[in-house]
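Q: sequence plus the predicted model coming up.
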Amino acid sequence: MSQDKLSLDELTGSLSEGPGEESLNEISELSKRGYQLLKENLTARARESFDKILSLDPKNNYALVGMGDCFRKERKFKDSVVYYQRCLDTHPGNNYALFGLADCYKAMNQYNRAIDIWEEYLLHDDRNITVLTRIADAYRKVRNFKRSFELYQKVLTMQENNSYAIIGLGHLYYDFKEYKNALEYWERMLEIDRGHVDIRVLTSLGNCHRKLKSFDEGVPYFLEALRIQPNNFYALFGLADCYRGMNQQEKSLVYWNKILDLDNRNKVILTRAGDAYRHIGEDNNAEEYYKKALNIEFDTYAILGLSLINKEKGNFQDAITSLKDLISNDPRNHRLYLEAAECYELQGDREEALEILAQFLKLGIRNSQIIDKMMELKDKI
């Protein structure tokens, strides 16, 4: 849908009225030059050509769209919008301006505005597969499952194996936590692209299995992704998380640490690695990783990890103090209350254990684990 796909006749034969014959010839040459430069991604030089056209013919639709396309390629979306809108002010049905304007709003995460413009575009051309998939993507972003699904399916009736629609349907189901349905579409992509599969399809398949907790089935997809791209963050993270889910902490550490080799200030990964070290009994390493995370910024899970180490070492009061601080920051996290109650119980103070669990119930949240623990404690008193 880029403007460089316009024919030479279109570029030079439909210019705005006004310029004389000499100017028309100059505009024709400038148009050809501008779109050739745009095609070669020489956007600054292309803009010079389009600027000259606009000095001769301020309402020239091809120059206005060309300027919009240049700024869009440069990711200067606000500037791009100005030119597309100028074009639409005098040429309301210009499909190229509509497409470019919608694409800019999408890039700026203004999906509803993009949808309105694409829907207007479809009034002129409802068989454009590129536009149909773009608008389906936008509806997915605003969580309109029904309309997004309809548009992806319309594309597939026109082009049975359209990869954008199939992948889009995978993402649509994934976004709505329908992971088994998402798997069907991404597995279909594996069949279509056999031999040169997109790494994003592999990581998406792996992530579905992570969500379904079928971790062993996710591992091969992440391994294949790493064969293609050894430092792919999503594949490294997914593989580490699968091994974590399978309670193979030593294997997970291999991949947590590979991520940290690439980004040693990733506090999420530092806490995950700390958790893995704690689970295999390497508390000194775990403490080191938790503290590295906390040196970056406050992290609930790093403090929780240190509290659990203190609990394991019998430093119950230190653990309780940290857990209470966490509760004040995150009062709806039931796990914090359970851990604090267990610390009180281990130091022989069941009444305090019951009291802290009761504090959670006072929030008006019912939680079976909290209630079960309270009943267990009452039976022991």
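A: Received, thanks.
Q: what's the span of stretch 51-71, first residue to last?
A: Using CA to CA, to the nearest Å, the end-to-end distance of stretch 51-71 comes to 13 Å.
Q: let me see the mean pLDDT of that stretch.
A: Averaging pLDDT along stretch 51-71 gives 96.
Q: so which bits of it are buried?
A: For stretch 51-71, a neighbour-count test (16 or more other CB atoms under 10 Å) marks 52-54, 56-57, 59-71 as buried. Just so you know, the C-beta spots here come from the backbone N, C-alpha and C atoms, and that holds for glycine as well.
Q: what about those residues, which are in helices?
A: Using DSSP state H, the subset of the buried residues of stretch 51-71 located in helices is 52-54, 56, 61-71.
Q: out of these, which is nearest to A358?
A: Closest approach between these and A358, by CB to CB: F71, at 60.3 Å.
Q: which residue lies closest in space to that closest one, excluding its sequence neighbours?
A: Excluding its sequence neighbours, the residue lying closest to F71 (CB to CB, 6 or more residues apart in numbering) is S80, at 3.7 Å.
Q: residues touching H124, list them.
A: Taking CB atoms under 8 Å, 6 or more residues apart in numbering, we find H124 in contact with 93, 95, 98.
Q: neighbours around the second one, how many?
A: Spelled out, it's N95. By other CB atoms under 10 Å, 16 other residues sit near N95.
Q: likewise S148?
A: 24.
Q: other SSEs contacting the host helix or strand of it?
A: Using DSSP states H and E, S148 sits within helix 145-158. In terms of contacts (3 or more CB pairs under 8 Å, 6 or more residues apart in numbering; DSSP states H and E), helix 145-158 is packed against helix 129-141, helix 163-175.
Q: could these go into TSV alongside mean pLDDT?
A: As requested, the helices and strands packed on helix 145-158 are exported to TSV (pLDDT from 0 to 100):
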stretch	mean pLDDT
helix 129-141	95
helix 163-175	97
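Q: which stretch among those comes nearest V201?
A: Set against V201 and scored by CB to CB, the helices and strands packed on helix 145-158 come closest in helix 163-175, at 6.9 Å.
Q: what angle do the next helix or strand after that closest one and helix 163-175 make?
A: Next along the chain after helix 163-175, taking DSSP H and E as the criterion, comes helix 179-192. Per axes from the mean of the first three to the mean of the last three CA atoms, to 10 degrees, the angle that helix 179-192 makes with helix 163-175 is 160 degrees.
Q: leaving out chain neighbours, which residue sits closest to Q317?
A: Spatial nearest neighbour of Q317, chain neighbours left out: Q347 (7.4 Å); criterion: CB to CB, 6+ apart.
Q: distance check, that neighbour against H209.
A: Relative to H209, Q347 is positioned 41 Å away (CB to CB, to the nearest Å).
Q: which of the two has more neighbours?
A: Ranked by neighbour count (other CB under 10 Å), Q347 and H209 place H209 first, with 22 against 16.
Q: list the contacts for the more buried one?
A: By CB under 8 Å, 6+ apart, H209 lies in contact with 183, 215, 217-218, 221, 242.
Q: so Q347 sits against A319, correct?
A: No - using CB atoms under 8 Å, Q347 makes no contact with A319, being 9.7 Å away.
Q: check what pLDDT N25 gets.
A: Note on N25: pLDDT of 84.
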